Each structure stands twice: as C-alpha cells, then as structure tokens.
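>>> Here is a sequence together with a model predicted from it:
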Amino acid sequence: MTVDLQGWGVWLALCAACVGTYLCRAAGVKLSGHIHQDSEVFRWLSAVTYAMVAALTVRMILMPLGLLATVPMSLRVLICVLSLAVMLSGQQRRLVPALLTGTLLMLAYGVWRTNP
Amino acid sequence: MTLNRFANRREAFWRGIRDALGAPVLVLFAGMIGFGAMGRTHGFDAWMTGLTSLLMFALPGQVVMLEMVISGSSLLAIGFAVTLTSTRFVTMVVTLFPQLHRRDRNPLLYLWVHMLAMTAWAMSMREFPSIAPKYRLSYFVGLALPCWLISPIGTVLGYFVAGWVPAAVTLSLVFINPLFFLLTFTDVKPWANRIAIGLGCVFGPAFYVLDADSSLLLTGLVAGTLAYFIDRRWLRPTPIEVQA
C-alpha cells in the first residue's frame, strides 16, 4: 500500500473533512434558532445526542483503532469499570481521581507489557 | 439553584477559563498528544496533523480521516465518512445553544460554534442550569477557547515526542479520551438522556458491525428515539426539572 502521503490528495481530504465537520456545526446553529429548550423536540434531540455520544465512547473503548487495539478487551473494560467505581465512590463526583486511576492503570499495563 | 453566580460577563468568562484549566484541557491535551503520535506513526506531515486539530477539532473525525487516508479511500468517501461522524455536532449545538440568552443568539455564534467539542459540551450541559442565561455564552467561550487552542499544541507536541516517549505513555494518553467521556455520563441527570446513553452503548457496537460509517447516526436515531418514548410513556408523570 503505497500512498503518496505528502501529495495534494491528503490536503484535499483534510479540506473535505474540515468543511464537512464545520457544516455540521453551522447546521446546528441554523437549526437551534428554531428550537426552544423546553420543547419536546429539544428533549428528543437531547436523547439522540447522548445516544450518539455514548455509541462513540463505547466504540472507542470496545473497538478502538491503533494502539489501544493492542490491549486485551477484558483489560480495557476492567479499567473502565474500576475508574467508574472511583468516580461514583463519593457523594461528590471524583472526576480527576477517576481519570488518574484509569490512566495510571493503563500506563502500568503498558510498562508491564514491555518488561514483564 | 443559584442563578446569580456571576456579577458580569467578564466574571463568567474567567470562570469558564478556570473550569477549562482542569480536567477538560488536560483531557484534550492528552487526547491530542495521542493523535499527534498517531499521525507520526502513520507517516503524516507535522503541519497537516497540527492543522487537522486546529481546523477540524473533532477527534473521532480526525482519527477516521487518518485511517481512511492510510487505507487509500477515495476523497469522496473520506469526506462523507467524516461528515457522518460529525453529525453529532448538529444535535450537540441544537441542545446547547437554545439555552443561551436571546441577545446572544446572533450570527457570531457561527464563529463560537467552531470551538465546540464533546468536552466543552458535556461541561456546559452540566453547568448551564446553574448559570443565568445572559452569562452562559461568556462562560461557554471561556471554557471552549482554551480547549480549542490547546489542541493543535498538543498535537504537534505529540507528533514530535512520539519517537522517544515509551509506548506505555502513549497508550495511557490515547485512553484518556474515551475514559473522560465515559465518566461524564455519570453526571447526566434527565432520565431520557440516561436511558439514551444505556441504549446507545448497546446499539452502538451492533450497528457498527452492520455499517461502520453510518452507525453513529443510526444509533443516535434509534436509541435516542426509543429512550425519548420510554421516558415520555412511563417515567414522566413527575414534571422534569426545566430551567429558564
């Protein structure tokens, strides 16, 4: 697979991707002018958005691309569960400790993997 | 509910900056370092990798673009797939911006909207109910601006350190992004949205196996609509907290 990575094609792909992404944002602004936040449409769209975001998150954890794919699925899930447990362990949400838990566990696994 | 958290817009803006300079900026910084490292290992130009973060500023779309360029997809297919992964922005904006003050809902929003990403969106959805409408835009800009600016910096940094940082470090950085999103879900209050998250987690992988490109949109529509009706049909007799 020899793709000319410095060629014009890559830059055109970048342009297309940027335009497509911005158009979605702009469409949101355009549509938001017609929607009130206590309407039924707003509630429905909130649910749709959260479902999309959740699907994206689960995809990144269960079906990752690149480096994360080299970590066993069971380990990825286990680390997520442990981090969630830290997050929910107090009255106040513990976001930073939970993030640290997950990140450090993943780091520890990476270190252990290179020198078992 | 404390709606008088701020005396003026400036105070709201700086509060946004302060809130950004914690988990949100760290998460984006780490995520973008991971993306920069990925660009390097895939053999991309440093300029291009950095510009992607500045101009697209949508990590999942960026990753999709990178992967598709590597696998030699056509220009049209790349544009289409990336746009599909970005459709979530339509509804993210539609759910966030109606909460702004009427006076702030002007064409300038077309500028601010570029700084919207999942991180700032999740934070704003959480904080807006406790902020008076006229200060929400200032807070949002304060929150989103550092998140946006840190991204190309993190990307270029990641690109250049990818060569000498141990793989274990890169691994943990790449992992921060999905972990952060997962953790913010625990802060979601309305039941319709909670159910939507649960259903999205189930339907997402299933639709992904069927057709990767359209799976996000499809999951959103199916799981979201289902959650909305479950909430409306069975859970809603007690009025849901709605803020002005």
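That came through, no problem. Treat the numbers as computed from the prediction; the structure is a model and nothing was measured.
>>> Which phi and psi values does residue A:92 adopt?
The main-chain torsion angles of residue A:92 are listed as degrees, to the nearest 10 and equal phi -90, psi 140.
>>> Give me the next element, helix or strand, following the lengthiest helix in chain B.
In chain B, ranked by residue count with DSSP state H as the criterion, the top helix is helix B:133-161. Scanning forward in sequence from helix B:133-161 by DSSP states H and E, the next helix or strand is helix B:167-184.
>>> Can you name every helix or strand that the lowest-mean-pLDDT helix or strand in chain A contacts?
Sorting the helices and strands of chain A by mean pLDDT, DSSP states H and E puts helix A:40-62 at the bottom, at a mean of 86. The elements that helix A:40-62 packs onto, with contact taken as 3 or more C-beta pairs under 8 Å, 6 or more residues apart in numbering or on different chains; DSSP states H and E, are helix A:73-87, helix B:88-96, helix B:167-184, helix B:191-210, helix B:215-230. C-betas here are computed from N, CA, C, even on glycine.
>>> Let me know the angle separating the shortest one from helix B:191-210.
Going back to what we said before, that points to helix B:88-96. 180 degrees (axes from the mean of the first three to the mean of the last three C-alpha atoms, to 10 degrees).
>>> Equivalent analysis for the first one, please.
Here helix A:73-87 points in a direction 170 degrees away from that of helix B:191-210 (the same axes, to 10 degrees).
>>> if you average pLDDT over the longest helix of chain B, what comes out?
Averaged across helix B:133-161, the pLDDT comes to 94.
>>> Can you give me the buried ones in that helix?
Judged by neighbour count (16 or more other C-beta atoms under 10 Å in any protein chain shown), helix B:133-161 contains these buried residues: B:133-148, B:150-159.
>>> how far does stretch B:15-22 sit from the chain's center?
Centroid separation between stretch B:15-22 and its chain, computed with C-alpha atoms, centre = their mean, to the nearest Å, is 16 Å.
>>> That stretch and chain A, any residue contact?
Yes: contact of stretch B:15-22 with chain A (C-beta under 8 Å from any C-beta of the partner chain) involves residue B:22.
>>> Name the surrounding residues that touch that stretch.
Contacting residues not belonging to stretch B:15-22 are listed as A:96, B:5-6, B:120, B:123, B:127, B:138-147 [C-beta atoms under 8 Å, 6 or more residues apart in numbering or on different chains].
>>> now with 7 Å?
Residues outside stretch B:15-22 that contact it (C-beta atoms under 7 Å, 6 or more residues apart in numbering or on different chains) are B:6, B:123, B:138-143, B:146-147.
>>> Quick check: of the residues you listed, which lies closest to chain A?
Using C-beta to the nearest C-beta, residue B:123 comes nearest to chain A of the contacts of stretch B:15-22, at 10.3 Å.
>>> show me where pLDDT drops low in the chain?
All of this refers to chain A. A:1-6 (pLDDT under 70).
>>> Oops, wrong one, chain B.
B:1-3, B:237-244.
>>> just to revisit the earlier point, could you dump the helices and strands packed on helix A:40-62 to JSON lines with mean neighbour count and distance to residue A:63?
Putting those into JSON lines (neighbours: other C-beta atoms under 10 Å in any protein chain shown; distance: least, C-beta to C-beta, whole Å) gives the following:
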{"stretch": "helix A:73-87", "mean neighbour count": "16", "distance to residue A:63": "9"}
{"stretch": "helix B:88-96", "mean neighbour count": "26", "distance to residue A:63": "17"}
{"stretch": "helix B:167-184", "mean neighbour count": "24", "distance to residue A:63": "11"}
{"stretch": "helix B:191-210", "mean neighbour count": "21", "distance to residue A:63": "6"}
{"stretch": "helix B:215-230", "mean neighbour count": "22", "distance to residue A:63": "10"}
